[in-house]
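Colleague: need a structure here:
(one chain, ligands or ions: 3)
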Amino acid sequence: MNAPSVETLTAQQTFEQLDAYRALEAKQQPTWPDAAALGYAKQELSTQPPLVFAGEVDQLRERLASAARGEAFLLQGGDCAETFEAATADKIRDRVKTLLQMAVVLTYGASMPVIKVGRMAGQFAKPRSSNEETREGVTLPAYRGDLVNGYDFTEASRTADPSRLVRGYHVSASTLNLIRAFTQGGMADLRQVNSWNQGFVSNPANQRYEALATEIDRALRFMDACGVDHTALTQTEFYVSHEALLLDYERPLARIDSRTSELYGTSGHMLWIGERTRDLDGAHVDFLSKLRNPIGVKLGPTATTDDALRLIDKLDPEREPGRLTFITRMGAEKIRDVLPGLLAGVRDAGAQPLWVTDPMHGNGITTATGFKTRRFNDVMDELLGFFEAHREVGTYPGGIHVELTGDDVTECLGGSENIDEEALATRYESVCDPRLNHMQSLELAFQVAEELKRTASAR
Ligand SMILES: O=C[C@H](O)[C@H](O)COP(=O)(O)O
Ligand SMILES: C=C(OP(=O)(O)O)C(=O)O
Ligand SMILES: [Mn+2]
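Modeller: Ligands and ions are numbered 1, 2, ... in the order given. Have a look, this model is predicted:
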């Protein structure tokens, strides 16, 4: 046999370093009953083309760097858990549409670029509070996302099936293909997106936002009249992200970039680590520390400044702007107590991560009838607490991370349509956490835009 070339050896060594995570504890991984089928799925994934390209990933890192410097704002959103069944053209279009509508409003409010990142094309794996679920005396494995098992409550459906890893890759590929088509092919035309927003404000419940919508309309007409570059108005950058939870999916999609010989996760542009898997000595932090992608880390109310600084040392030792995003999810009741100290501690240590708020995950409640839900008012309260904390400390509130859909579901309580507990049953479709519906998402965007206008005029 020929000796391996220097190039192969280098690639091998790179992957050996990446594989150090295998010796560490990986929380929230499924038990795959069929080892041979898992081996086959991983092999199959490792031969598939990357879903995203290293150059795009670098571009997103640069965009996020500008947000970390206070020169852009991140809008990240989508389902709690995407499903294979709901990866239809209409549903994907409506989610992208909702994000674009929100982005127009935020761009105007912030007077700066809004970086659009979907929780899409890979958000298929869920951490759970419990390994099992019991219904009417029957106990089965918990649903861990379509990448692992099915939502139907039967033994067969809830058994972890590795062929889902491969199917998840293909569904992600077709989702991404459609997103690229929509955002490059005319659907992102700012004038059209703004006309959709006119529909939102023409609803009497939303008239308080009319002035803002009219201002945006005038600004667009002005740009049009001036002959502003057509492409800037009709096409937009759109990136995808998901929680990098399932290492059996992420590892085969880690690739060496031929331009730089560096490792990239090619399952999505931005990857984040969840609140339940961010242990410093755990497999997830180690694995992601080796990839060049922008990395997010969720920080819940128990996170200390020391935790944040040690995560920075491990994930962003060079302190490269755009590399690390902290996504705080404290809960409306705690954010004003907990966040200012964290922001000040990190700033005083000389680090400048991007700070983003997830106003959803700290505000979950379960109704007496058993629905997991969130109150729109709590979500808004945490958002306001986020802006207040940053104003207090003098740091930059760089973005929002929300669970939302373009559909008219009834999963979160309140909002201008005043969804009450009874209404939850009418259209509750999420297979995991409750999402803001189309109207609630826009309402949130208009309120955040008002907040951003205030921040911008105070600077
Ligand atoms: O999005 C995430 C959920 O909060 C997480 O999966 C936990 O949900 P559970 O408490 O219903 O298991
Ligand atoms: C599980 C999630 O969040 P967290 O890790 O913050 O609980 C999520 O974003 O769906
Ligand atoms: Mn969730």
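
Colleague: tell me the spacing between the residue nearest in space to the middle of the chain and Gly39.
Modeller: For the chain, the residue nearest the mean C-alpha position is Arg119 (4.0 Å; Cα atoms, centre = their mean). Note on Arg119: its distance to Gly39, by Cβ to Cβ, to the nearest Å, is 29 Å. No exception for glycine: its C-beta is placed from N, CA and C like everyone else's.

Colleague: can you pull the contacts of the residue in the stretch 251-400 of the chain positioned nearest to ligand 3?
Modeller: Using Cβ to the ion, His361 is the residue of the stretch 251-400 of the chain that sits closest to ligand 3, at 5.9 Å. Taking Cβ atoms under 8 Å, 6 or more residues apart in numbering, we find His361 in contact with 275, 298, 300, 329, 433.

Colleague: before we move on, what about Arg144?
Modeller: 28, 30, 125-128, 160.

Colleague: which one (most neighbours) among those?
Modeller: Ala125 (28 neighbours; other Cβ atoms under 10 Å).

Colleague: now do Thr8, the pLDDT please.
Modeller: In this model, Thr8 is scored at 59, pLDDT.

Colleague: sorry, back to before: between the contacts of His361, which sits nearest Gly150?
Modeller: Ranked by distance to Gly150 (Cβ to Cβ), these are led by Asp433 at 18.1 Å.

Colleague: burial check on the closest one, number of neighbours?
Modeller: Applying other Cβ under 10 Å, we find 18 residues neighbouring Asp433.

Colleague: so what pLDDT did the closest residue to it other than its chain neighbours get?
Modeller: Residue nearest to Asp433 in three dimensions, not counting chain neighbours: Cys80, with 3.7 Å by Cβ to Cβ, 6 or more residues apart in numbering. For Cys80, the model assigns a pLDDT of 98.

Colleague: pull the contacting residues for Cys80.
Modeller: With Cβ under 8 Å, 6+ apart, Cys80 has these contacts: 119, 123, 126, 403, 430-435.

Colleague: of the contacts of His361, grab the buried ones for PyMOL.
Modeller: Of those, the buried ones go into a single PyMOL selection, burial set by 16 or more other Cβ atoms under 10 Å:
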select buried, resi 275+298+300+329+433
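
Colleague: and the pLDDT for Ala458?
Modeller: 74.

Colleague: how many neighbours does it have?
Modeller: Neighbours of Ala458 (other Cβ under 10 Å): 7.

Colleague: so what's the backbone phi/psi at it?
Modeller: Reported as degrees, to the nearest 10, the phi and psi values for Ala458 are phi -80, psi -10.

Colleague: ok, it - contacts?
Modeller: Per Cβ under 8 Å, 6+ apart, neighbours of Ala458: Arg391.

Colleague: apart from its chain neighbours, what residue comes closest to the residue nearest to the centre of the chain?
Modeller: Nearest non-adjacent residue to Arg119, counting by Cβ to Cβ, 6+ apart: Gly78, 3.1 Å away.

Colleague: and for Met270?
Modeller: Closest to Met270 by Cβ to Cβ, 6+ apart is Ser241, at 3.8 Å.

Colleague: host element of Tyr264?
Modeller: strand 263-265 (DSSP states H and E).

Colleague: who does that strand pair up with?
Modeller: Using DSSP bridges, strand 263-265 pairs in its sheet with strand 254-256 (antiparallel).

Colleague: pLDDT on the strand it pairs with, on average?
Modeller: Rounded mean pLDDT across strand 254-256 is 98.

Colleague: get me the contact residues on this structure for ligand 1.
Modeller: 80, 126-129, 361, 432-433 (Cβ under 6 Å from any ligand atom).

Colleague: could I get those as a markdown table with secondary structure?
Modeller: As requested, the residues of the chain next to ligand 1 are exported to a markdown table (DSSP: H, G, I helix; E, B strand; the rest coil):
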| residue | secondary structure |
| --- | --- |
| Cys80 | coil |
| Lys126 | coil |
| Pro127 | coil |
| Arg128 | coil |
| Ser129 | coil |
| His361 | coil |
| Cys432 | coil |
| Asp433 | coil |
